[in-house]
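Enquirer: Next comes the sequence, and after it the predicted model I'd like to discuss.
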Amino acid sequence: MKITFPHIGNSYIPIKAMFDDLGVETVVPPKCSKKTLEIGTKYAPEMICLPLKINLGNYIESIEKGADTIIITGGCGPCRFGYYCEVQKEILRDLGYDVDIVVLEAPEGNQIELFRRISRIANTKNIIKISMAIKNAIDILKKLNEFEDKVLKFRPYEINGNEVDNLYNELITDLENSNGSKEMKVHLNRALKLIDKVPLDKNKDALKIGIVGEIYTVIEDFSNFDIGKKLNRMGVEVHKSLSPSEWITDMLFFRSFGMSKEVKIWNAAKPYIDTCIGGHGRETIGNTVLYSEKGYDGVIQLMPFTCMPEIVSMSILPSIQAEKNIPILSLIIDEMTGEGGYLTRLEAFIDLLRSRKDKKQLEGVN
């Protein structure tokens, strides 16, 4: 059995660590690229959302490298993510690919079922071994997400250009060349110490922007043209409202015990929307409200074309913008999106935020 999985940010690293610890061979798909998107777009339904197209490209590239089993997470509700697996199964079957697709859905309130599903592809039924592999993978994911958060926070203030990027690139290379969670933790602990020592100029008057929206387009930098880095280079401190570690721990563990870490976000959204509309639509609303309360200068919503939950959220955001006095930019992304026009919209939004902030500061002085 050779296992593969879709790319979503750097989550492939802890997934590989987990399977390394379990002694299962993995085929990590090539990083998302124009070729990946072209493959997925060629075979996917035209009006399906961008993440499915990129995922499909990931799978086909991995199958051609020898993968015979695909691991994906599942879902339910109004979002089309709930039937990704069925659509992808049919497409791959029609293309003549004989692969096994294992769907790991969050078992509400049933931890034993979670282990049963994982043991199918874990090469063991030893619950302790599986538990340790999962725990180590989640520890790595949390540390990696912590490092990524610091990259987006520190980059605008660094005194020596590209020092943060050099640390980041070195870490990813070290992690990719590691075998198992033990080696990866050593590299991560070292990188977290080093990034805290990077000289920063905290006197820089950087803007602060929160990123909300559909989880894939928020996390996978190929899909969003590496928006975090682009904004950092414009002198903007960035915070992403969603991370793989928070999503995985909430979906697979907290909700398995009938709880959720997102209650605070749901409460913030309650005046505007009081029910789940699929995907991360409600979280987009709640996080936008929370960013306004934390004094952020603006919010950017990212969403794939035809994403129903985010379309609903986008229709509500103007009310929050007016009531909370925070500028919001919605960016819709698909395979036809051009980077030039995308960048122009970002630059115009940043100019607006700077002008707005300068005016506030001037009014404060007077």
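Expert: Alright, I've got the coordinates.

Enquirer: contacts, neighbours, all on C-alpha from now
Expert: Fine.

Enquirer: Show me how far stretch 199-218 is from its chain's centre.
Expert: Remark: stretch 199-218 is offset 15 Å from the chain centroid, using CA atoms, centre = their mean, to the nearest Å.

Enquirer: correction: stretch 338-346
Expert: Averaging C-alpha positions (CA atoms, centre = their mean) puts stretch 338-346 21 Å from its chain's average.

Enquirer: ok, and what's touching it?
Expert: Residues outside stretch 338-346 that contact it (CA atoms under 8 Å, 6 or more residues apart in numbering): 225, 231, 331.

Enquirer: Include distance to I54 when you put the residues you listed into TSV, please.
Expert: Converted to TSV, the contacts of stretch 338-346 look like this (distance: CA to CA, whole Å):
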residue	distance to I54
F225	14
L231	24
L331	18
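
Enquirer: who wins for neighbours among those?
Expert: Using other CA atoms under 10 Å as the neighbour criterion, L231 leads the contacts of stretch 338-346 with 22 neighbours.

Enquirer: Any stretches of the stretch 101-250 of the chain with poor pLDDT?
Expert: Across the stretch 101-250 of the chain, the ranges flagged by pLDDT under 70 are 105-115, 249-250.

Enquirer: ok, R354 - contacts?
Expert: Counting by CA under 8 Å, 6+ apart, R354 has contacts L207.

Enquirer: S243 versus that one, what's the distance?
Expert: 27 Å (CA to CA, to the nearest Å).

Enquirer: now M234
Expert: M234 is 23 Å from S243, by CA to CA.

Enquirer: more neighbours, the two?
Expert: When M234 and S243 are compared on other CA under 10 Å, the one with more neighbours turns out to be S243, at 21 against 16.

Enquirer: Contacts only, for the more buried one.
Expert: With CA under 8 Å, 6+ apart, S243 has these contacts: 145, 215, 219.

Enquirer: Counting neighbours, which of the residues you listed comes out on top?
Expert: Counting neighbours by other CA under 10 Å, I219 leads these with 26 neighbours.

Enquirer: Setting aside sequence neighbours, what's the nearest residue to it?
Expert: Using CA to CA, 6 or more residues apart in numbering and skipping residues adjacent in sequence, the residue nearest I219 is G9, 5.3 Å away.

Enquirer: helix/strand/coil for that neighbour?
Expert: Secondary structure for G9, judged by DSSP: H, G, I helix; E, B strand; the rest coil, is coil.

Enquirer: quick one, strands of the stretch 251-366 of the chain?
Expert: 298-304, 328-333 (DSSP state E, counting those that start in this stretch).

Enquirer: Just name the most buried of those strands.
Expert: Across those, averaging neighbours per residue (mean count of other CA atoms under 10 Å) puts strand 298-304 on top, at a mean of 25.

Enquirer: list the helices and strands that one packs on?
Expert: Secondary-structure packing of strand 298-304 (3 or more CA pairs under 8 Å, 6 or more residues apart in numbering; DSSP states H and E): strand 207-213, helix 215-219, helix 281-293, strand 328-333.

Enquirer: if we compare the ones you listed, which one ends up closest to S33?
Expert: helix 215-219 (14.3 Å; CA to CA).

Enquirer: same for the closest one, what does it pack against?
Expert: On a contact count with 3+ CA pairs under 8 Å, 6+ apart, helix 215-219 meets strand 298-304.

Enquirer: from the contacts of S243, which single one is nearest S292?
Expert: Proximity of the contacts of S243 to S292 (CA to CA) peaks at I215, which lies at 20.0 Å.

Enquirer: my guess is that closest one meets E283, correct?
Expert: No: at 10.0 Å, I215 does not count as touching E283 under the criterion of CA atoms under 8 Å.

Enquirer: burial measure for N203, as a count.
Expert: Going by other CA under 10 Å, the residues that sit close to N203 add up to 7.

Enquirer: isn't there a strand covering it?
Expert: No: per three-state DSSP, N203 lies outside any strand segment and is coil.

Enquirer: and L192, what does it touch?
Expert: F147 are the contacts of L192 under CA under 8 Å, 6+ apart.

Enquirer: can you list contacts of stretch 14-21?
Expert: Here stretch 14-21 makes contact (CA under 8 Å, 6+ apart) with 25-26, 28, 122, 133-134, 136-138, 140-141, 179-181, 184.

Enquirer: I'd like to know which of the strands of the stretch 251-366 of the chain is closest to D274.
Expert: Closest of these to D274 is strand 298-304, at 19.5 Å (criterion: CA to CA).

Enquirer: Pull up the pairing partners for that closest one, direction included.
Expert: Strand pairing for strand 298-304, using DSSP bridges, gives strand 207-213 (parallel), strand 328-333 (parallel).

Enquirer: which residues sit against the longest one?
Expert: Looking back up the chat, that one is strand 207-213. Contacts to strand 207-213, defined as CA under 8 Å, 6+ apart, come from residues 218, 235-242, 280-281, 283-284, 287-288, 291, 296-303, 310, 353-354.
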